[in-house]
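In: Pasting a predicted model and its sequence here:
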Amino acid sequence: MMAAPNPNSFQNLNGIRSLAQTHQFKVWLLDQFGVLHDGKQPYPGAISTLKQLSNHGAKMVIISNSSRRASTTFDKLKALGFDTSLFLGAITSGELTHQSLLTREDDWFASLGTSCIHITWADRGAISLQGLDLQVVENVDDAHFILAHGTEALGLPSGASLPMELEDLDKILELCASRKIPMLVANPDFVTVEATSLRVMPGTLAAKYEKLGGEVKWMGKPNKIIYKSAIDMAGVEASDCIAVGDSLHHDIKGANTAGIQSAFITSGIHANDLDLGSFGEVANSSSVQDLASRYGAYPTYVLPSFTW
Ligand SMILES: [Mg+2]
């Protein structure tokens, strides 16, 4: 049995150099939004830090709560200037969702049905369901389940999408909850960093759906499923890995659940909670302890940013 994690036992680091030099971790499971980039730009030092880490023999896998396929993640990272050849691979919650709907190996997916209410993106670009043999329906009475990829629009049977306000999507969720159909959420994030602001993500809809009494299948972090997939991809044990992320609920609690050590980056989505103004500012240790305890999430290491 592993000892229960102690919220007061984390170690503060200025950068990851000292950790990389120990060669203690063969595989680094990296979150992208809030760690490597803010959706618009790489964070200072992130690109060169990946190179240094690779030079020290680390294998790196991106694990991301993104509703899009894994290949989209690499396209995005390339466009932002990252060298994607440094990564062993990328796993997204959207990819796991796609594969699970495709193979239907799992009992839960095998009995899910094929017609769905599809909540997707509008401005950010709708998600293609091509090849999944699903029927998108508009009438809740015709749906076997809800598929939540986004928070901006309702997918239509034609493949187009109808932009909707969150309040209107809530009304659809209430109808679905009364019919007791399950929700499959392809991105469990509640919010994401987008440049300097936070944006509502599908996890928020899923949390609302659970409050309404609905059943939710959470496909990404903090669920073990994404860590298992990453560990299998790298062909190592959980103890060979370290997970790096900026969300206590998703990245750190997820790592705790999967039995993986973790590094919490304070300059991401918790920057405001920790009263951090500028990039690289060091968070007060007791504030980090309080926040971590509130989330029941216990990092092994704490760093201001993903820098060397
Ligand atoms: Mg993040």
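Out: On my side now, so go ahead. Numbers count the residues shown, from 1 in each chain.
In: What residues does the stretch 201-308 of the chain have near the ion?
Out: Within the stretch 201-308 of the chain, the residues that sit near the ion (CB under 5 Å from the ion) are D246. To be clear about C-beta, it is placed using only N, CA and C from the backbone, and glycine gets the same treatment.
In: hey, where'd the strands end up in the stretch 201-308 of the chain?
Out: Using DSSP state E, counting those that start in this stretch, the strands of the stretch 201-308 of the chain run over residues 216-218, 241-245, 261-265, 301-303.
In: got TSV for these, with distance to S67 and mean neighbour count too?
Out: Below are the strands of the stretch 201-308 of the chain laid out as TSV (distance: least, CB to CB, whole Å; neighbours: other CB atoms under 10 Å):
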stretch	distance to S67	mean neighbour count
strand 216-218	13	21
strand 241-245	18	27
strand 261-265	22	26
strand 301-303	28	21
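In: residues in contact with the closest residue to K253 other than its chain neighbours?
Out: Spatial nearest neighbour of K253, excluding adjacent residues (CB to CB, 6 or more residues apart in numbering): A297 at 4.0 Å. Taking CB atoms under 8 Å, 6 or more residues apart in numbering, we find A297 in contact with 248-249, 252-253, 256.
In: Among these, which one has the most neighbours?
Out: The residue in the contacts of A297 with the most neighbours, by other CB atoms under 10 Å, is I252 (31 neighbours).
In: so how many other residues sit close to the closest residue to S285 other than its chain neighbours?
Out: Here the nearest residue to S285 in space, its sequence neighbours aside, is N12; by CB to CB, 6+ apart that works out to 6.4 Å. By other CB under 10 Å, the residues close to N12 number 13.
In: give me phi/psi at N12?
Out: As for N12, its main-chain torsions (degrees, to the nearest 10) stand at phi -80, psi 140.
In: Show the contacting residues for it.
Out: Contact partners of N12, counting by CB under 8 Å, 6+ apart, are 282, 285, 301-303.
In: on that earlier part again, quick one: which two of the contacts of A297 are the most distant?
Out: Comparing all pairs in those by CB to CB, the longest separation belongs to H249 and N256, at 10.7 Å.
In: For the stretch 1-150 of the chain, what lies in contact range of the ion?
Out: Within the stretch 1-150 of the chain, the residues that sit near the ion (CB under 5 Å from the ion) are 31, 33-34.
In: one more time with 8 Å
Out: For the stretch 1-150 of the chain, the contact set with the ion under CB under 8 Å from the ion comprises 31-35, 64-65.
In: ok, now which ones touch the residue of the stretch 101-250 of the chain found nearest the ion?
Out: Here the stretch 101-250 of the chain gets closest to the ion at one residue, D246, 4.4 Å apart by CB to the ion. Counting by CB under 8 Å, 6+ apart, D246 touches 31, 33-35, 193, 264-270.
In: could you redo these as TSV and give each row distance to V200 and pLDDT?
Out: As requested, those are exported to TSV (distance: CB to CB, whole Å; pLDDT from 0 to 100):
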residue	distance to V200	pLDDT
D31	19	97
F33	14	92
G34	15	93
V35	20	97
V193	12	73
F264	23	98
I265	22	98
T266	22	98
S267	21	95
G268	16	93
I269	12	91
H270	17	95
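In: Present the residues you listed as CSV; the columns should include distance to G214.
Out: Output for these, formatted as CSV (distance: CB to CB, whole Å):
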residue, distance to G214
D31, 27
F33, 26
G34, 28
V35, 31
V193, 27
F264, 31
I265, 32
T266, 33
S267, 34
G268, 29
I269, 25
H270, 28
